[in-house]
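J.: Sequence first, predicted model second:
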Amino acid sequence: MSRRSGDHAWPLYAKGGYFNSLMKSRRLAQLVSMSLYPNAKEFTESCAVYTAIKRFCPWSLDDPTITAIVVGDGHTPRTGATIAVQSAWTVHSSDPVLRHAGAHAKVERLIQHRKCAERVLYPHKHRVVLAAPHSHANLRHVIASIKDAEIFVVSLPCCVPDGLGTPLRQYDDEGCLSPKRMVKIYHVRQE
(Lines give C-alpha, C1' and ligand atoms only; values in the text may rest on other atoms or scores of the structure.)
Protein backbone atom coordinates (compact mmCIF):
# COMPACT_ATOMS: atom_id res chain seq x y z
CA MET A 1 0.00 0.00 0.00
CA SER A 2 1.30 3.41 -0.84
CA ARG A 3 1.01 6.73 0.90
CA ARG A 4 0.72 10.15 -0.63
CA SER A 5 3.32 12.70 0.30
CA GLY A 6 2.16 14.82 3.21
CA ASP A 7 -0.66 12.45 4.26
CA HIS A 8 1.10 10.12 6.64
CA ALA A 9 -1.96 9.15 8.71
CA TRP A 10 -3.74 6.94 6.19
CA PRO A 11 -3.03 4.21 3.64
CA LEU A 12 -4.47 4.24 0.17
CA TYR A 13 -6.69 1.24 -0.41
CA ALA A 14 -4.97 -0.22 -3.43
CA LYS A 15 -4.69 -3.91 -4.31
CA GLY A 16 -8.26 -4.84 -3.41
CA GLY A 17 -8.32 -3.18 -0.02
CA TYR A 18 -12.04 -2.37 -0.08
CA PHE A 19 -12.85 -5.92 -1.11
CA ASN A 20 -10.59 -7.24 1.63
CA SER A 21 -12.45 -5.09 4.17
CA LEU A 22 -15.73 -6.42 2.79
CA MET A 23 -14.64 -10.00 3.46
CA LYS A 24 -13.83 -9.11 7.07
CA SER A 25 -16.95 -7.07 7.86
CA ARG A 26 -20.35 -8.62 8.50
CA ARG A 27 -21.92 -5.19 8.16
CA LEU A 28 -20.58 -4.58 4.65
CA ALA A 29 -21.42 -8.13 3.61
CA GLN A 30 -24.98 -7.49 4.83
CA LEU A 31 -25.19 -4.43 2.56
CA VAL A 32 -23.96 -6.38 -0.45
CA SER A 33 -26.63 -9.00 0.20
CA MET A 34 -29.24 -6.20 -0.05
CA SER A 35 -28.26 -5.54 -3.68
CA LEU A 36 -27.32 -1.94 -2.90
CA TYR A 37 -24.29 -1.94 -5.18
CA PRO A 38 -24.88 -2.79 -8.85
CA ASN A 39 -21.15 -3.22 -9.51
CA ALA A 40 -17.64 -2.94 -8.06
CA LYS A 41 -17.30 0.69 -9.15
CA GLU A 42 -20.32 1.79 -7.09
CA PHE A 43 -19.18 -0.28 -4.10
CA THR A 44 -15.70 1.27 -4.08
CA GLU A 45 -17.08 4.81 -4.53
CA SER A 46 -19.19 4.38 -1.38
CA CYS A 47 -16.19 2.91 0.43
CA ALA A 48 -13.98 5.81 -0.69
CA VAL A 49 -16.44 8.35 0.76
CA TYR A 50 -16.86 6.40 4.01
CA THR A 51 -13.09 5.96 4.38
CA ALA A 52 -12.51 9.70 3.95
CA ILE A 53 -15.09 10.39 6.64
CA LYS A 54 -13.59 7.80 8.97
CA ARG A 55 -10.04 9.08 8.48
CA PHE A 56 -10.53 12.84 8.43
CA CYS A 57 -13.84 13.86 10.02
CA PRO A 58 -13.18 15.49 13.39
CA TRP A 59 -16.29 13.90 14.93
CA SER A 60 -16.69 10.38 16.26
CA LEU A 61 -18.61 7.77 14.27
CA ASP A 62 -20.07 6.73 17.63
CA ASP A 63 -21.65 10.16 18.31
CA PRO A 64 -25.43 9.88 17.73
CA THR A 65 -25.81 13.69 17.62
CA ILE A 66 -24.16 13.86 14.17
CA THR A 67 -26.30 13.94 11.04
CA ALA A 68 -24.96 12.79 7.68
CA ILE A 69 -26.52 13.90 4.42
CA VAL A 70 -25.69 11.96 1.26
CA VAL A 71 -26.37 13.93 -1.90
CA GLY A 72 -27.05 12.08 -5.14
CA ASP A 73 -26.92 8.53 -3.79
CA GLY A 74 -28.45 6.97 -6.91
CA HIS A 75 -31.24 4.41 -7.31
CA THR A 76 -30.33 2.77 -4.00
CA PRO A 77 -29.00 4.54 -0.90
CA ARG A 78 -25.64 2.77 -1.15
CA THR A 79 -23.39 5.42 0.39
CA GLY A 80 -26.00 6.37 2.99
CA ALA A 81 -26.36 2.73 4.05
CA THR A 82 -22.57 2.27 4.09
CA ILE A 83 -22.29 5.17 6.55
CA ALA A 84 -25.37 4.21 8.62
CA VAL A 85 -24.32 0.62 9.35
CA GLN A 86 -20.82 1.69 10.37
CA SER A 87 -21.75 4.63 12.60
CA ALA A 88 -24.26 5.81 15.21
CA TRP A 89 -25.26 8.74 13.00
CA THR A 90 -28.66 9.47 11.51
CA VAL A 91 -28.14 9.45 7.75
CA HIS A 92 -30.32 11.16 5.15
CA SER A 93 -29.88 9.79 1.64
CA SER A 94 -31.34 11.86 -1.18
CA ASP A 95 -31.69 11.45 -4.91
CA PRO A 96 -34.58 12.22 -7.27
CA VAL A 97 -34.29 8.68 -8.72
CA LEU A 98 -34.04 6.87 -5.36
CA ARG A 99 -36.12 3.70 -5.02
CA HIS A 100 -37.57 3.10 -1.54
CA ALA A 101 -38.41 -0.56 -2.02
CA GLY A 102 -36.08 -3.36 -1.04
CA ALA A 103 -34.18 -4.64 1.96
CA HIS A 104 -32.27 -1.36 2.25
CA ALA A 105 -35.46 0.27 3.55
CA LYS A 106 -34.77 -1.57 6.83
CA VAL A 107 -31.31 -0.08 7.50
CA GLU A 108 -31.42 1.54 10.94
CA ARG A 109 -31.03 5.33 11.13
CA LEU A 110 -31.20 5.65 7.33
CA ILE A 111 -33.83 8.09 6.10
CA GLN A 112 -34.45 8.15 2.36
CA HIS A 113 -35.65 11.15 0.34
CA ARG A 114 -36.71 10.82 -3.27
CA LYS A 115 -35.97 14.44 -4.13
CA CYS A 116 -33.09 16.85 -4.65
CA ALA A 117 -31.06 17.31 -1.46
CA GLU A 118 -31.53 21.08 -1.34
CA ARG A 119 -35.32 20.55 -1.23
CA VAL A 120 -35.24 18.32 1.85
CA LEU A 121 -36.00 19.89 5.24
CA TYR A 122 -33.42 18.35 7.53
CA PRO A 123 -33.77 18.42 11.32
CA HIS A 124 -31.61 21.14 12.81
CA LYS A 125 -28.23 19.81 13.87
CA HIS A 126 -25.09 21.73 14.76
CA ARG A 127 -22.71 19.22 13.18
CA VAL A 128 -23.41 17.77 9.75
CA VAL A 129 -21.40 15.54 7.45
CA LEU A 130 -22.23 16.14 3.80
CA ALA A 131 -21.20 13.34 1.44
CA ALA A 132 -21.39 13.76 -2.32
CA PRO A 133 -20.45 10.55 -4.19
CA HIS A 134 -20.41 11.54 -7.88
CA SER A 135 -23.30 13.89 -7.20
CA HIS A 136 -24.70 16.18 -9.86
CA ALA A 137 -26.20 18.48 -7.22
CA ASN A 138 -25.09 22.04 -6.67
CA LEU A 139 -23.34 21.60 -3.31
CA ARG A 140 -23.42 25.34 -2.63
CA HIS A 141 -27.24 25.20 -2.72
CA VAL A 142 -27.30 22.15 -0.45
CA ILE A 143 -24.99 23.84 2.05
CA ALA A 144 -27.11 27.01 1.93
CA SER A 145 -30.17 24.92 2.88
CA ILE A 146 -28.46 23.81 6.12
CA LYS A 147 -28.66 26.64 8.66
CA ASP A 148 -26.47 27.32 11.69
CA ALA A 149 -24.22 24.28 11.36
CA GLU A 150 -20.64 23.22 11.12
CA ILE A 151 -20.41 21.07 8.00
CA PHE A 152 -17.72 18.53 7.12
CA VAL A 153 -17.87 17.82 3.38
CA VAL A 154 -16.52 14.82 1.46
CA SER A 155 -16.89 15.20 -2.28
CA LEU A 156 -16.06 12.62 -4.94
CA PRO A 157 -16.78 14.83 -7.97
CA CYS A 158 -17.49 13.37 -11.40
CA CYS A 159 -18.62 15.32 -14.45
CA VAL A 160 -20.02 18.17 -12.33
CA PRO A 161 -17.47 20.20 -10.31
CA ASP A 162 -18.38 20.53 -6.64
CA GLY A 163 -17.92 24.32 -6.84
CA LEU A 164 -16.69 24.67 -3.26
CA GLY A 165 -13.31 26.24 -3.98
CA THR A 166 -10.00 24.99 -2.67
CA PRO A 167 -10.37 21.89 -0.49
CA LEU A 168 -8.59 21.43 2.83
CA ARG A 169 -7.34 18.13 1.48
CA GLN A 170 -7.62 16.19 -1.75
CA TYR A 171 -6.21 12.90 -2.94
CA ASP A 172 -6.74 10.15 -5.48
CA ASP A 173 -8.20 7.08 -3.79
CA GLU A 174 -6.48 4.26 -5.64
CA GLY A 175 -8.93 1.73 -4.24
CA CYS A 176 -11.85 3.43 -5.97
CA LEU A 177 -12.50 1.60 -9.23
CA SER A 178 -13.63 4.69 -11.08
CA PRO A 179 -11.77 7.02 -13.42
CA LYS A 180 -13.13 9.88 -11.26
CA ARG A 181 -11.63 9.00 -7.87
CA MET A 182 -10.36 12.33 -6.57
CA VAL A 183 -11.62 12.81 -2.99
CA LYS A 184 -11.99 16.40 -1.80
CA ILE A 185 -12.56 17.44 1.80
CA TYR A 186 -13.93 20.76 3.06
CA HIS A 187 -14.97 22.16 6.44
CA VAL A 188 -17.66 24.85 6.33
CA ARG A 189 -19.35 26.96 9.00
CA GLN A 190 -22.88 27.85 7.84
CA GLU A 191 -24.64 30.71 9.63
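T.: It's in.
J.: Residue 106: what's it in contact with?
T.: Applying Cβ atoms under 8 Å, 6 or more residues apart in numbering, we find residue 106 in contact with no residue. Glycine gets a C-beta too; all of them are placed from N, C-alpha and C.
J.: Quick one: classify the closest residue to residue 37 other than its chain neighbours as helix, strand or coil.
T.: Nearest non-adjacent residue to residue 37, counting by Cβ to Cβ, 6 or more residues apart in numbering: residue 43, 4.1 Å away. When classified by DSSP: H, G, I helix; E, B strand; the rest coil, residue 43 comes out as helix.
J.: Tell me how far residue 43 lies from residue 83.
T.: Distance of residue 43 to residue 83, computed by Cβ to Cβ, to the nearest Å: 14 Å.
J.: quick one, which of the two is more surrounded?
T.: residue 83 (27 against 22; other Cβ atoms under 10 Å).
J.: Give the other helices and strands that the host helix or strand of the more buried one contacts.
T.: Residue 83 belongs to helix 78-85 when elements are defined using DSSP states H and E. Where contact means 3 or more Cβ pairs under 8 Å, 6 or more residues apart in numbering; DSSP states H and E, helix 78-85 is packed against helix 26-33, helix 40-56, strand 67-71, strand 90-94, strand 110-113, strand 127-133.
J.: Would you mind confirming that the residue nearest to residue 37 makes contact with residue 35?
T.: No: using Cβ atoms under 8 Å, residue 43 makes no contact with residue 35, being 11.4 Å away.
J.: What are the neighbouring residues in contact with the residue nearest the centre of the chain?
T.: Geometric centre of the chain, nearest residue: residue 131, 3.8 Å, by Cα atoms, centre = their mean. By Cβ under 8 Å, 6+ apart, the contact set of residue 131 is 49, 53, 68, 69, 70, 71, 79, 83, 153, 154.
J.: Tabulate those residues (CSV), appending distance to residue 183 and pLDDT.
T.: Compiled in CSV, the contacts of residue 131 are given as follows (distance: Cβ to Cβ, whole Å; pLDDT from 0 to 100):
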residue, distance to residue 183, pLDDT
49, 8, 95
53, 10, 96
68, 16, 96
69, 17, 96
70, 15, 97
71, 15, 95
79, 13, 95
83, 15, 95
153, 11, 97
154, 7, 97
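J.: Pick out whichever of these sits closest to residue 142.
T.: Closest to residue 142 out of these is residue 71 (5.6 Å), distances taken as Cβ to Cβ.
J.: in the sheet, who's paired with the residue nearest to the centre of the chain?
T.: When bridges are called by DSSP bridges, residue 131 pairs up with residue 70, residue 154.
J.: ok, it to residue 87 distance?
T.: Residue 131 is 12 Å from residue 87, by Cβ to Cβ.
J.: Just say helix, strand or coil for the nearest residue to residue 56 once chain neighbours are set aside.
T.: Nearest residue to residue 56 in three dimensions, chain neighbours excluded: residue 185, at 5.5 Å (Cβ to Cβ, 6+ apart). Using three-state DSSP, the structure places residue 185 in strand.
J.: State the pLDDT value of residue 185.
T.: With respect to pLDDT, residue 185 has a value of 97.
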